[in-house]
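*Asks:* Here is a sequence with its predicted model. Questions after.
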2 protein chains.
Amino acid sequence: MKFEAVTIKDIAKALGLSTSTVSRALRDSYEISEETKQQVLQYAREINYRPNPIALSLKEKRSRSIGIIISEIANSFFSQAINGIESVANSKGYNVIITQSLESYEREVSNMQFLASRSVDGCIISVSTETSDYAHITDLFNKGLPIVCFDRVIEGIETHKVTVDNFKGAYDATQHLIDTGHKRIAHLANSEFLSITKERMAGYKKALEDNGLPFKEQYVQYSQHGGMIYSEVEDAMNHLLKAKQKPDAIFASADKLTTNCMRFCKAKGIKIPKDIAVIGYSNLDLTDLISPSLSVVRQPAFEMGKVATDLLIQMIESKRPVTDFENIVLPAEVYARESSGKKIPVQ
Amino acid sequence: MKFEAVTIKDIAKALGLSTSTVSRALRDSYEISEETKQQVLQYAREINYRPNPIALSLKEKRSRSIGIIISEIANSFFSQAINGIESVANSKGYNVIITQSLESYEREVSNMQFLASRSVDGCIISVSTETSDYAHITDLFNKGLPIVCFDRVIEGIETHKVTVDNFKGAYDATQHLIDTGHKRIAHLANSEFLSITKERMAGYKKALEDNGLPFKEQYVQYSQHGGMIYSEVEDAMNHLLKAKQKPDAIFASADKLTTNCMRFCKAKGIKIPKDIAVIGYSNLDLTDLISPSLSVVRQPAFEMGKVATDLLIQMIESKRPVTDFENIVLPAEVYARESSGKKIPVQ
DNA sequence: AACGATGTCGGGAACGATTGCGTAAAAAAA
DNA sequence: TTTTTTTACGCAATCGTTCCCGACATCGTT
């Protein structure tokens, strides 16, 4: 089955003109008489002519599409970010090709190649938890493919980066747990490779330090797949609970870590926040309905998507190579609810 | 900025061959000597040659991309469906352009035109809650654009349709509420225009009827935007609670209706399931963490996406016009949890 | 020796649109 | 009237790839 579109030739033939004249008439060139223009325009409207974007892409060497590589669409942070990306991209005439790595390095590499082979004009990428080698990204970037890093940024590539203030988000979350009377605060961390993991870890440590609390290695557990696999979080939690001095609070630094931590506690009959208080990163718009209502660090995902796309398109459409790169850092917000023991006074 | 790719011409020039020979060598034509083939293949690998998909699209009059129109990416049902769509599409060399209507008819129409103008080879569509005029779809379909309807299907177009058994899902959910001892069961329904609304309504009615319970108009409230706007659900719930005989259970027939109904009850201090039992459609993987844990009708979203995409690609690649259309109906499953008062015996 | 068969390859048109250049006719200037 | 300028359009190349033809060896057959 196929779907035959009207071309400029059809118009030319019907009107007894050449394709060049029609093309110029449609683009309102000064070389074409008003009379001919009107004739062409009217006929084009009649038969509902639409320029073929593929022919244009071939000619102009640009596809007017941008690629996205994220770990998972069905993750509220990323789906909100996609909304932001899409809103800007569409308004500027670009379309968006979304691919997901599902936290697999291998899939990320093949997605990157797929996008390059589909000749996208640029890419927005948030790397997978498994990614520690960035050659697949830097190679294409060095060949001139515009790339904007987003959320999980990488070193070794000089380009625009859009992140949230992970240090402050983690600091505030930890401080909040301390303010609600907790002293043995564990940290469910994401993959060690990720920039966000390091930054959040630093914020967590600094908050402990500023409050005179010791940092303990056994209170930190990394999850190589960001909690996407339940057993990961299960293992991490079991490790944490094995400590002689059990933690009295948990700071989870990814959406799935947070929810799977809740799920674990529910399964084990651990009372939140009585036995253990919980605060975690999450962009779910449902955290108020969870029991107990979930204290979260929420990121401006939509805004991040918008900003990243603006920067990318600016880069794509720049005449000369861009050398002045921006490092946008947006704020994250802490929403204190029941799970962190909001109302518990310091004992 | 742009990114110059290697072309077949570069290979031809480097090897002192013509482009036709190179092209044929790459496609392993019998007309080319084994020696030349090896030479071309090796050099192509060396310089990492990738055929330009845009040039191919122009030549073959197909873009190897499919369009999706859904209401919202950040809705777990649709994001799961997208996963299914993507998995099949990518494995068959297609890429996917996702657009969202956000339940707006106007946006749906412009998305449809956008996709057509980007010359997608086919479309998968689930209409918005506002859509009651299908001309934007049928016009393109009649011009030969392959389209598969999915979840929210439409009449007036003979094509493949992939749905779930909405009648049975609603029947089972209602029956479950009856089994748990409820007699005054209200129905938070989606937009009246939608196929799924009608089918679920029918299942709801039939279950009441089969159990000798009366169907009452005042126990039914429609939401024109599927609960996407909280005030919609708020109004609907307020209406339901105004009845002389307040409903003792609610069957919500969309994800956002369900969660916003929970949110409403929480805000008003209505105890679930003691004051009112709740069951609703939802594909969230978090419903077990909500308090009380949420009884849901869950749809096989991923599977639906896969099936729809298989059918679409089959249609796209068919040599002759397809006239034999399938109507795939997948089962939905009821998960009974606390919110429907699972353990309450019939009084 | 003459001819067809076969094996290898190149030329060039085509896909749809844009655009530099050339040019005929009309208008303006000389 | 002749020359120059302007107006309004067509021709053809281009983008990267495929594919229909045609060309030219080489070989075997009669």
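*Replies:* In hand now; what should we look at?

*Asks:* Go ahead and confirm residue A:81 touches residue A:302.
*Replies:* Yes: contact criterion CB atoms under 8 Å: residue A:81 and residue A:302 qualify, at 6.8 Å. Placement of C-beta: from N, CA and C, glycine included.

*Asks:* between those two, who's got more neighbours?
*Replies:* residue A:81 (30 against 19; other CB atoms under 10 Å in any protein chain shown).

*Asks:* care to break chain A down by domain?
*Replies:* When chain A is parsed with automatic domain parsing, its domains come out as A:8-51, A:65-164+A:301-330, A:166-298+A:334-340.

*Asks:* okay, those domains in CSV with distance to DNA strand D next?
*Replies:* Below are these laid out as CSV (distance: least, CB to the nearest atom of the strand, whole Å):
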stretch, distance to DNA strand D
domain A:8-51, 3
domain A:65-164+A:301-330, 9
domain A:166-298+A:334-340, 35
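
*Asks:* Can you add distance to residue B:258 and give these back as TSV?
*Replies:* Formatted as TSV, these follow (distance: least, CB to CB, whole Å):
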stretch	distance to residue B:258
domain A:8-51	41
domain A:65-164+A:301-330	16
domain A:166-298+A:334-340	10
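
*Asks:* Between the ones you listed, which one is closest to chain B.
*Replies:* Chain B lies closest to domain A:166-298+A:334-340 among these, at 2.4 Å (CB to the nearest CB).

*Asks:* can you tell me the distance between the two ends of that closest one?
*Replies:* End-to-end distance for domain A:166-298+A:334-340: 19 Å, by CA to CA, to the nearest Å.

*Asks:* quick one, helices of the stretch 101-250 of chain A?
*Replies:* Secondary structure of the stretch 101-250 of chain A, counting by DSSP state H, counting those that start in this stretch: helices at A:105-117, A:135-142, A:166-179, A:195-210, A:230-241.

*Asks:* how much does the longest one deviate in direction from helix A:166-179?
*Replies:* Regarding helix A:195-210 and helix A:166-179, their directions subtend 40 degrees when assessed with axes from the mean of the first three to the mean of the last three CA atoms, to 10 degrees.

*Asks:* Residue A:338: neighbour count?
*Replies:* By other CB under 10 Å, the residues close to residue A:338 number 19.

*Asks:* Actually, residue A:190.
*Replies:* Number of residues near residue A:190 (other CB under 10 Å) recorded here: 27.

*Asks:* which residues does it contact?
*Replies:* Contact analysis of residue A:190 by CB atoms under 8 Å, 6 or more residues apart in numbering or on different chains lists A:129, A:196, A:197, A:200, A:222, A:223, A:226, A:227, A:253, A:254, A:257.

*Asks:* Which of the residues you listed sits closest to DNA strand C?
*Replies:* Nearest to DNA strand C among the contacts of residue A:190 is residue A:129, at 42.1 Å by CB to the nearest atom of the strand.

*Asks:* Would you check that that closest one makes contact with residue A:225?
*Replies:* Yes: at 5.5 Å, residue A:129 and residue A:225 qualify as touching, with contact defined as CB under 8 Å.

*Asks:* Quickly list what's touching both of these two.
*Replies:* A:103, A:191.

*Asks:* Excluding sequence neighbours, find me the nearest residue to residue A:177.
*Replies:* Spatially, and ignoring its direct neighbours in sequence, residue A:177 is nearest to residue A:249 (4.4 Å; CB to CB, 6 or more residues apart in numbering or on different chains).

*Asks:* For that neighbour, give its distance to DNA strand C.
*Replies:* For residue A:249, the distance to DNA strand C (CB to the nearest atom of the strand, to the nearest Å) stands at 62 Å.

*Asks:* Contacts only, for that residue.
*Replies:* Counting by CB under 8 Å, 6+ apart, residue A:249 has contacts A:177, A:180, A:182, A:184-186, A:273, A:276-279, A:340-341.

*Asks:* who's it bridged to?
*Replies:* For residue A:249, the beta-bridge partners are residue A:185, residue A:277 (DSSP bridges).

*Asks:* same check, this time on residue A:161
*Replies:* Listed beta-bridge partners, residue A:161: residue A:149, residue A:327 (assigned using DSSP bridges).

*Asks:* Just to check, it is in contact with residue A:327?
*Replies:* Yes: counting by CB under 8 Å, residue A:161 touches residue A:327, with 5.0 Å between them.

*Asks:* how about the closest residue to residue A:9 other than its chain neighbours, phi and psi?
*Replies:* Excluding its sequence neighbours, the residue lying closest to residue A:9 (CB to CB, 6+ apart) is residue A:19, at 5.8 Å. Main-chain dihedrals, residue A:19, degrees, to the nearest 10: phi -60, psi -30.

*Asks:* From residue A:138, how far off is residue A:19?
*Replies:* Distance from residue A:19 to residue A:138, counting by CB to CB, to the nearest Å: 43 Å.

*Asks:* how about the residues of the stretch 51-200 of chain A that lie near chain B?
*Replies:* Residues of the stretch 51-200 of chain A found near chain B (CB under 8 Å from any CB of the partner chain) are A:52-55, A:57-58, A:61-63, A:65, A:73-74, A:76, A:79-80, A:82-83, A:86, A:90, A:95-100, A:114, A:116-119, A:121, A:140, A:143-146.

*Asks:* and DNA strand C, which of those residues reach it?
*Replies:* A:52, A:55, A:58 (CB under 7 Å from any atom of the strand).

*Asks:* The last one: which element?
*Replies:* Pointing back at residue A:58 there. Residue A:58 belongs to helix A:53-60 when assigned by DSSP states H and E.

*Asks:* Please tell me how far that helix is from the chain's geometric centre.
*Replies:* 29 Å (CA atoms, centre = their mean, to the nearest Å).

*Asks:* cool, stretch A:318-330 as well?
*Replies:* Centroid separation for stretch A:318-330 versus its chain: 18 Å, with CA atoms, centre = their mean.

*Asks:* Not counting its own residues, what contacts that stretch?
*Replies:* A:144, A:146, A:158-165, A:299-300, A:303-304, A:307, A:311, A:314-315, B:1.

*Asks:* Give the buried subset of the residues you listed as a ChimeraX selection command.
*Replies:* Restricted to buried positions by 16 or more other CB atoms under 10 Å in any protein chain shown, the ChimeraX selection for these reads:
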select /A:146,159,160,161,162,163,164,165,299,300,303,304,307,311,314,315
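
*Asks:* Now go through the contacts of stretch A:318-330 and say which are in strands.
*Replies:* Secondary structure from DSSP state E places A:161, A:162, A:163, A:164 of those in strands.

*Asks:* Dump these into CSV; add pLDDT as well.
*Replies:* Output for those, formatted as CSV (pLDDT from 0 to 100):
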residue, pLDDT
A:161, 96
A:162, 97
A:163, 95
A:164, 95
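
*Asks:* For those residues, which two are the farthest from each other?
*Replies:* The distance between the two most remote of the ones in strands among the contacts of stretch A:318-330 (CB to CB) is 11.2 Å, for A:161 and A:164.

*Asks:* Pick out the residue in the stretch 101-250 of chain A sitting closest to DNA strand C.
*Replies:* residue A:119 (14.1 Å).

*Asks:* Tell me the spacing between that residue and residue B:237.
*Replies:* Taking CB to CB, one finds residue A:119 at 51 Å from residue B:237.

*Asks:* Likewise for residue A:221?
*Replies:* Separation of residue A:221 from residue B:237 (CB to CB): 42 Å.

*Asks:* And these two? Which one has more around it.
*Replies:* Using other CB under 10 Å, the more surrounded residue of residue A:221 and residue B:237 is residue B:237, with 26 against 21.

*Asks:* Show the backbone phi and psi for the residue lying closest to the more buried one once chain neighbours are set aside.
*Replies:* Spatial nearest neighbour of residue B:237, excluding adjacent residues (CB to CB, 6+ apart): residue B:264 at 4.8 Å. Residue B:264 has phi and psi values of phi -60, psi -50 when expressed as degrees, to the nearest 10.

*Asks:* Test my guess that residue B:264 contacts residue B:232.
*Replies:* No: counting by CB under 8 Å, residue B:264 does not reach residue B:232; the two are 10.7 Å apart.

*Asks:* Residue ranges in the stretch 1-150 of chain A under the pLDDT threshold?
*Replies:* Residues of the stretch 1-150 of chain A that meet the criterion pLDDT under 70 lie in A:1-4.
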